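Enquirer: Sequence first, then the predicted structure, then my questions.
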Amino acid sequence: MAAPTSPPSVRLHCHCLAASSFLHICSAQPRGCGFAALNSSTNPAARDTFGQALVRAPSAPLVAGSSVLNTPEALASLPGTHSANMSFLTRVVSEPTETNTTVTVAATIVATAALMSFLKYSLWPGKPKVIPGPLHTVVAKLPKDELDKLDYKPDAFPGARDVATPVCSRAPTATTMLRRVDHDQADHPHSTGVYVSMNGALKTAPKC
Amino acid sequence: MVHGISTSCQTLAIIAHKLVEKGCRVMLFDLFGRGFSDGVGDLPHDARLYTSQALLAMASSPLAWTGDGAIRVIGYSMGGGIAVHFANAFPHMISSLVLLAPAGLIRVENFGVVTRYIFTSGLVPSRILSAITARRLQKPIASDVKRKDANEPQTSPGNSDEPESPIATAATHLLGKTDPVTAALSEAADMHAGAQLVPLEKRVLNYVQWMVKHHEGFIPAFCGSVADAPLIGQEEAWSKLSERAPGTTAVILGGRDEIVDPTDYEKDALPLAGGRENVAWSVIPGAGHDFPMTHAAETLRELYKLWSIEA
């Protein structure tokens, strides 16, 4: 009997994982199909695949080399590789692994989706059509003395007015404020009413 | 009058009031996301948005602002880039187009390929980019941009006389001589260390920082404009300016402007726009990017000359 030629414990873990992953990827196959193949002497390919994974169980390193296990006789002669024992092993080792892997994969998908949603919301927030300007947010609430301290006041240009536009309209509110438009009278350059209010306060002045 | 990327129409206040004194009817408006205008969240902040806004502002008036040769348009900085598109769209409406330190053909190395990519690619999450931009706007650092000034030879050593190494040139190309935030702030105030700010510059700079805190649409508008507004690569739009009648287009630049560099623009923009026989081209010596505030008298002198207004 050949001595084991490969590092046992680490590769055991790797092979088990590989088998488990394979079963899940080929999810159309019935559960336990891997072990059904292992117990069949007519399917050497399947036996090779799963046999290596299973025979290198914790009890195997002292007795098993993969080259010996390629025949049914050799498998049957090994302690711990009897078919009954294999069925037991199937239930104890393989089925919980499948279940755990299924749960793990499902949980991973859910967690990833949740994380991606959270990141998208927090890092790339949605884009509202209208982002209210300070007239709607802070200026309306500012007391007069605070308003007077502003470096650019709403009435910095006399005659300022607010214009609704379809680009930025917050229907159905009719008083949407978008920008300030300031102007003077072209025909009365020397008038003191250079800037004309559009809010009706200076009804005698020409509109512009 | 159309203002720039990071400020309100406050920057044009001195010029506007003086023009009013001369009998002009002046319309100013805050671009979306600045001043007291709401922000637009779901549209690109490009030339289409802002030219539409200008049209809407004019159309809202009971008085006529449109018609053949009905208006003169002044665009400052990014507003200049917008005004170029507006003039191309309505060539007969605008009897005179005046561009003050206009954006549109800013060389990409001024912003840097990588820096610009950060704003345009969307790879950096918008919330993180907004937070960084807001922090930079609130805590401006002094600009260390090297100036290339044909009119004012450099006195400091190690400038344009010494050729840069290829590595340094590549690094400058990738990272930029400055960043968009510093460049944008230079329209609010002279960002050079030790610069003496005029009162209006201080108010504008304070207001920029106030907008960062209190105007929810400001940072999105700023970042959106860096990405989409007509700041660089507008050769096609500028070449259409050559179709305007001679003398109806004017460009005024600051001699010490490191963002809209007068030397670069003379090489890049002037030939596209039809040369000096088509465009009134002037440079205000010693003026930085914010010259409509710091050199308003000189700017007005150019405007009066263009429009045959007695000073």
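Expert: Great, that's in hand.
Enquirer: Give me the nearest residue to whatever residue of the stretch 151-300 of chain B ends up closest to chain A, chain neighbours excluded.
Expert: Proximity to chain A, evaluated over the stretch 151-300 of chain B using Cβ to the nearest Cβ, is greatest for residue B:217 at 3.5 Å. C-betas here are computed from N, CA, C, even on glycine. Leaving aside its chain neighbours, residue B:217 sits nearest to residue B:39 (1.7 Å; criterion: Cβ to Cβ, 6 or more residues apart in numbering or on different chains).
Enquirer: Look up the pLDDT of that neighbour for me, please.
Expert: We have a pLDDT of 89 for residue B:39.
Enquirer: Dump the C-alpha coordinates for stretch B:180-188 into PDB.
Expert: Taking C-alpha atoms only, stretch B:180-188 is exported to PDB below (Å, rounded to 0.1, in the frame of the first residue of the first chain):
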ATOM      1  CA  PRO B 180     -11.800  72.400 -10.500                       C
ATOM      2  CA  VAL B 181     -12.600  73.600  -7.000                       C
ATOM      3  CA  THR B 182      -9.700  76.000  -6.800                       C
ATOM      4  CA  ALA B 183     -10.300  77.000 -10.400                       C
ATOM      5  CA  ALA B 184     -13.900  77.700  -9.600                       C
ATOM      6  CA  LEU B 185     -13.100  79.600  -6.500                       C
ATOM      7  CA  SER B 186     -10.800  81.900  -8.400                       C
ATOM      8  CA  GLU B 187     -13.900  83.500  -9.900                       C
ATOM      9  CA  ALA B 188     -15.100  84.300  -6.400                       C
END
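Enquirer: Now do the buried residues in stretch B:302-309.
Expert: By neighbour count on 16 or more other Cβ atoms under 10 Å in any protein chain shown, the buried set for stretch B:302-309 is B:302-303, B:306.
Enquirer: what's the answer for stretch B:17-26, then?
Expert: For stretch B:17-26, by 16+ other Cβ under 10 Å, it's B:17-20, B:24-26.
Enquirer: Filter those residues to keep only those in contact with chain A.
Expert: Contacts with chain A within the buried residues of stretch B:17-26, counted by Cβ under 8 Å from any Cβ of the partner chain: B:20, B:24-26.
Enquirer: Most widely separated two among the residues you listed?
Expert: B:20 and B:25 (8.0 Å; Cβ to Cβ).
Enquirer: Low-confidence stretches in the chain?
Expert: No chain in the question, so chain A it is. For chain A, applying pLDDT under 70 flags the ranges A:1-97, A:167-208.
Enquirer: nope, chain B
Expert: For chain B, applying pLDDT under 70 flags the ranges B:140-178, B:191, B:193-194.
Enquirer: at 50 what do you get?
Expert: Across chain B, the ranges flagged by pLDDT under 50 are B:144-162.
Enquirer: What segments of it are helices?
Expert: Secondary structure of chain B (DSSP state H): helices at B:13-21, B:47-59, B:78-89, B:108-111, B:113-121, B:126-138, B:166-175, B:180-185, B:199-214, B:218-228, B:235-240, B:262-273, B:291-294, B:296-307.
Enquirer: Now distance to residue A:124 too, for the ones you listed, in TSV please.
Expert: Below are these laid out as TSV (distance: least, Cβ to Cβ, whole Å):
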stretch	distance to residue A:124
helix B:13-21	37
helix B:47-59	21
helix B:78-89	25
helix B:108-111	23
helix B:113-121	13
helix B:126-138	5
helix B:166-175	25
helix B:180-185	20
helix B:199-214	20
helix B:218-228	12
helix B:235-240	31
helix B:262-273	35
helix B:291-294	36
helix B:296-307	41
